[in-house]
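[1] the following comprises the amino acid sequence and a computationally predicted model.
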Amino acid sequence: MTGYPNLLEPLDLGHVVLPNRVIMGSMHTGLEDRAKDLPKLAAYFAERARGGVGLMVTGGYAPNRTGWLTPFGSKLTSGRQAARHRIVTDAVHAEGGRIALQILHAGRYSYHPFSVSASALKAPINPFRPRALSDRGVRRQITAYVDCAALAREAGYDGVEIMGSEGYFINQFLAERTNKRTDRWGGSPENRRRLAVEIVRRTRERVGNDFLIIYRLSMADLVEGGQSWDEVVALGKEIEAAGASIINTGIGWHEARVPTIVTSVPRAAFTSVTAAFKPHVGIPVVTSNRINLPQVAEEVLARGDADLVSMARPFLADPEWVLKATTDRADEINVCIACNQACLDHVFAKRKASCMVNPRAARETELQLLPTRRTKNIAVVGAGPAGLAAAVTAAERGHRVELFEADSEIGGQFGIARRIPGKEEFAETIRYYRRRLDLTGVKLHLGRRATVDDLAGFDEIILATGVVPRVPAIPGIDHPKVLSYVDVVRNGRPVGATVAVIGAGGIGVDVSEFLTTESSPALDLEAWKAEWGVADPTVAPGALGVPRPEASPRQVYLLQRKAGKIGAGLGKTTGWVHRAALKNKQVEQLRGVNYERIDDEGLHLTFGPKRERPRVLAVDNVVVCAGQEPVRDLAEDLRATNRPVHLIGGADVAAELDAKRAIDQATRLALTI
Ligand SMILES: Cc1cc2nc3c(=O)[nH]c(=O)nc-3n(C[C@H](O)[C@H](O)[C@H](O)COP(=O)(O)OP(=O)(O)OC[C@H]3O[C@@H](n4cnc5c(N)ncnc54)[C@H](O)[C@@H]3O)c2cc1C
Ligand SMILES: Cc1cc2nc3c(=O)[nH]c(=O)nc-3n(C[C@H](O)[C@H](O)[C@H](O)COP(=O)(O)O)c2cc1C
Ligand code: SF4
C-alpha cells in the first residue's frame, strides 16, 4: 500500500474501469497537426500509458475548418484521417492505457479570417473578427462535433472530451460577454446553454453508451460578463442529463488577466472551485491546474474536492509519474515546475511542445536512452542544470561519471532562482537531480573547484561551468552601494528601502519581485487570490474580484537601456504575469536610460540618445542584473593542453533564463557520447 490510497483507487465507469484517479489533461503538442507526426504522437502517448496514467486526453482537434485554432492545424473530419489515428490508439491500448480525443472548436479564438462565433465580437487577443453564425450555421457546427466524435470512436479512441472552457467556441455561446443573440441560441441563460447541451445530447445519441464523453466545463471564467455560479451549476446538471460520463474543470478564458497555470500560481489553486461544483452533479468530476505532486493530488482527493485529478504538464515532465507514485518512488518524480518555457510558449510560437526539465517529451522517437556500447570515464564540471542533466543521462547509459561542483550544493543558478517568490518550484528540479545522482551512482565532488589536474585520465570532459554576472562599465560601479543579483538573492546581503535595479531582463524582473515581496504568494493561496482578485465563484460571477496586492516593503526602480517593454525576452505566457505583478507592486519602470554614474547621492541617469533629462535616483542600493559572462577559464586551460572538451549550458552560450537550452544540449550530448 502506498501513501496515496485515494489517488490509486480504481474508478468504475460502467463499461470501463479506470485503474486510478489520474487523468493526463489535454495538451496540444503540435504533433497532432500532420499525419506524418502520428507515429511520434503514438510513441509519446504509449510511453505515458506505460507509466500507468488512468486515462489520457489528446490535444484539441477541430471538428471542422472554421473551428481550426490555426490554419492547417489539427482536425478530425474524415474516415481517412480516423484510420490514420489507429497507430495512436493501438499503441496506447497495447500498453493497457485508455485515451480520449478532445474536440476543440476555437470560435472567435481561431487565428484565421473565417472564424465564427455566437456574435461578431472580436476577442481582445485575436486580430480576426468572427462572423456571427446563422441558426443553420449553429446547427452545422453541432453536427460537426457529433461527426467528429463518431470518427474518434471509429479511430479506436475510448471517448471524447468536449472542450467547453478557456473561452473557446462553446464558452462564447454560454457567456453574455460574447453572446448577444436574440434567437434560440442566445438571450436567456437557457438559450445560451442550448449549444453545449445539444452537442453532448446528440453526441451521446450517436456514439452509444459504451463510449466516454468528458465535458470540460468552465467553472470560473475569470472575465467580466462570464457565467454566474447559478448558470455554471445549471449547465453542469443539463450536461449530466444530456449524457456526459465525466465533467472536467476548466479555469479562466485565454483573454483573462488572471494567471491560471504559471509557476507563481499556488499548487492546486483552483480545486476549491471544483469542490463547490461537485455536489450538484452525480457523475464523476475532475479537477485541474497546478497539481504536480502525488501528495498534492492525494490531499485534493482526500478532501473530496473532486473524484479525479487531471494533470497535463506533469506528464510532459515525467511520463512515469503514476508508476513512481504507485511504487513509493515519489521522490524520483521529475516535477513540472510550471515554467511554460518548452510547452505552452512553444505552442504559441508555432513550435512543437516539449518540456524544459524533460527534453525527451514529445521527442521519444528521436531522443532514445540506449545503453552505451563502450563505457567511458566521463568528468562533468559544474552541477547546474546542464552539468546535472549531462551527468545523470550519461551515467544512466552505463558510463562512469564524476561530477565536480565548486559550491557546497548542487543546482547552480537554479539555487538562486528557487529563492525568487513564485519560483519555489525550481527547488524540485534540484531535488530530482539529487535523487537521480544517487540512483545512477554518479561520483559527486562537492565544494571542489575542478582544475586541469583533476581532469587528467578521463575519456571525455564536459564543462558546464555556467556564468557569472556581467559587471557593466558604469563610473562608480565599485561603490559600496552596488550589489550583484547573486549578492542579494543568494548571499542575502542587506538591501535598503529604495533600490535601483539595472537591467530589466528576466533576472532584473525576478530580482524586482524578490525586493518587493515579503512572503511568497505562491505559498499562500489566500494572499495570491487577494493579489490577483480571484473571488469565490459562488458569489462573484466568473470568480472575478478586486485585486489587492500587498504593499511593497521597498521603492524599486527597474531600469533598462532599451526603449522596449520590460522583460521583453520572457515567454508569451509568463511575461505579462511578471509585468502585471511589478505594476501591482508599484515598481517604477524606466526605459531608454543612460547610466551616467553611481555615487553617494545615488544613481545618475539621462534619457535617450541625446542624453537628456538628467535625473538622480537617490537610492540606498543599486542591484546589477546586466547580463552574464560565460565561465570558460578551464576550457581554455584544457585546450592549451590539447585536451578535447565539450562546452555546454551557460558556459557555451551565456544567455539569460536559458535552462531550457542548457538541459536540452546536455541531454543530447549525453545520449550520444
Ligand atoms: C534569479 C534567476 C532566475 C532564473 N530563472 C530562470 C527561469 O525562469 N528559466 C530559465 O530557463 N532559466 C532561469 N535562470 C537561468 C538558469 O538558472 C540558467 O540558464 C541555468 O542555470 C544555466 O545552467 P548551467 O548548468 O549552464 O550553469 P549554472 O547554473 O550557472 O551552473 C554552473 C555551475 O558550475 C559550477 N562551476 C563553475 N566552475 C567550476 C569549476 N571549475 N569546478 C566546479 N564547479 C564549477 C558553478 O559553481 C555552478 O554551480 C535563472 C537564473 C537566475 C539567477
Ligand atoms: C502545451 C499545452 C497545450 C495545451 N493544449 C490544450 C488543449 O488543446 N486543450 C485543452 O483543453 N487544454 C489545453 N491545455 C491546458 C491543459 O489541459 C491544462 O488545463 C493546463 O496545462 C493546466 O494544468 P496543469 O497544471 O496540470 O498543466 C494545454 C496546456 C499546455 C501546457
Ligand atoms: S516546460 Fe516547464 S511548464 Fe512545461 S511541462 Fe516542462 S516544466 Fe512543466
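    Received the coordinates, thanks. Ligands and ions are numbered 1, 2, ... in the order given.
[2] around ligand 3, pick out the residues from this protein.
    Neighbours of ligand 3 within the chain, by C-beta under 6 Å from any ligand atom: 313, 316-317, 336-343, 355-357. (Glycine included, C-beta is placed from N, CA and C.)
[3] do a quick rundown of the strands in the stretch 201-350 of the chain.
    212-220, 246-251, 285-287, 308-311 (DSSP state E, counting those that start in this stretch).
[4] repeat that for the stretch 351-500 of the chain.
    377-381, 400-405, 443-446, 460-463, 467-469, 482-484, 498-502.
[5] of the strands of the stretch 201-350 of the chain, which is nearest ligand 2?
    strand 308-311 (4.2 Å; C-beta to the nearest ligand atom).
[6] what packs against the closest one?
    Packed against strand 308-311 by the contact rule (3 or more C-beta pairs under 8 Å, 6 or more residues apart in numbering; DSSP states H and E) you find strand 22-24, strand 246-251, strand 285-287, helix 294-302.
[7] can the worst-scoring helix or strand of the chain on mean pLDDT be found next to ligand 1?
    Every helix and strand of the chain was ranked by mean pLDDT, DSSP states H and E. The lowest is helix 633-640, at a mean of 89. Yes. Shown here: helix 633-640 in contact with ligand 1 (C-beta under 6 Å from any ligand atom) through Leu634.
[8] what sits up against that helix?
    Val381, Ala450, Thr451, Val452, Leu455, Ile461, Leu463, Thr465, Val645, Leu647, Ala651 (C-beta atoms under 8 Å, 6 or more residues apart in numbering).
[9] from these, which is closest to ligand 3?
    Among the contacts of helix 633-640, and counting by C-beta to the nearest ligand atom, the member closest to ligand 3 is Ala651, at 22.3 Å.
[10] residues in contact with that closest one?
    Applying C-beta under 8 Å, 6+ apart, the residues near Ala651 are Gly382, Ala386, Leu463, Ala464, Thr465, Gly466, Val467, Pro630, Val631, Arg632, Ala635.
[11] neighbours of the second one, how many?
    Other residues lying near Ala386 total 32 when counted by other C-beta atoms under 10 Å.
[12] care to break this protein down by domain?
    22-349, 377-468+630-672, 471-517+552-626 (the TED database).
[13] so for Leu369, which of those domains sits nearest?
    When the domains of the chain are compared by C-beta to C-beta, domain 377-468+630-672 sits nearest Leu369, at 6.3 Å.
[14] may I have the distance across that closest one, first residue to last?
    Domain 377-468+630-672 has an end-to-end distance of 14 Å (criterion: C-alpha to C-alpha, to the nearest Å).
[15] direction included, what does the helix or strand just after the least confident helix or strand of the chain pair against?
    As assigned by DSSP states H and E, the chain's next helix or strand after helix 633-640 is strand 646-647. Neighbouring strands of strand 646-647 in its sheet, by DSSP bridges, are strand 460-463 (parallel).
[16] of all the domains of the chain, which one is nearest ligand 2?
    domain 22-349 (3.4 Å).
[17] let's test this: mean pLDDT of that closest one, rounded?
    Averaging pLDDT along domain 22-349 yields 97.
[18] can you tell if that domain touches ligand 2?
    Yes. Judged by C-beta under 6 Å from any ligand atom, domain 22-349 and ligand 2 are in contact via 25-28, 59-60, 102, 104, 163, 216, 261, 288-291, 311-314, 343-344, 347.
[19] in helices, which of these fall?
    Pro314, Leu344, Val347 (DSSP state H).
[20] what is the burial count for the last one?
    Yep, that's Val347 we're talking about. 21.
[21] list the contacts of it.
    Neighbours of Val347 in contact, by C-beta under 8 Å, 6+ apart: His28, Thr29, Gly30, Ala353.
[22] can you redo those residues as JSON lines with neighbour count?
    Below are the contacts of Val347 laid out as JSON lines (neighbours: other C-beta atoms under 10 Å):
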{"residue": "His28", "neighbour count": "22"}
{"residue": "Thr29", "neighbour count": "22"}
{"residue": "Gly30", "neighbour count": "21"}
{"residue": "Ala353", "neighbour count": "23"}
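[23] quick one, what contacts the closest residue to Ala83 other than its chain neighbours?
    Nearest residue to Ala83, sequence neighbours excluded (C-beta to C-beta, 6 or more residues apart in numbering): Ala155, at 7.2 Å. Counting by C-beta under 8 Å, 6+ apart, Ala155 makes contact with Leu76, Gln81, Ala82, Ala83, His85, Arg86, Val88, Thr89, Leu101.
[24] how about Leu617?
    Thr498, Ala500, Tyr557, Gly602, Leu603, Leu605.
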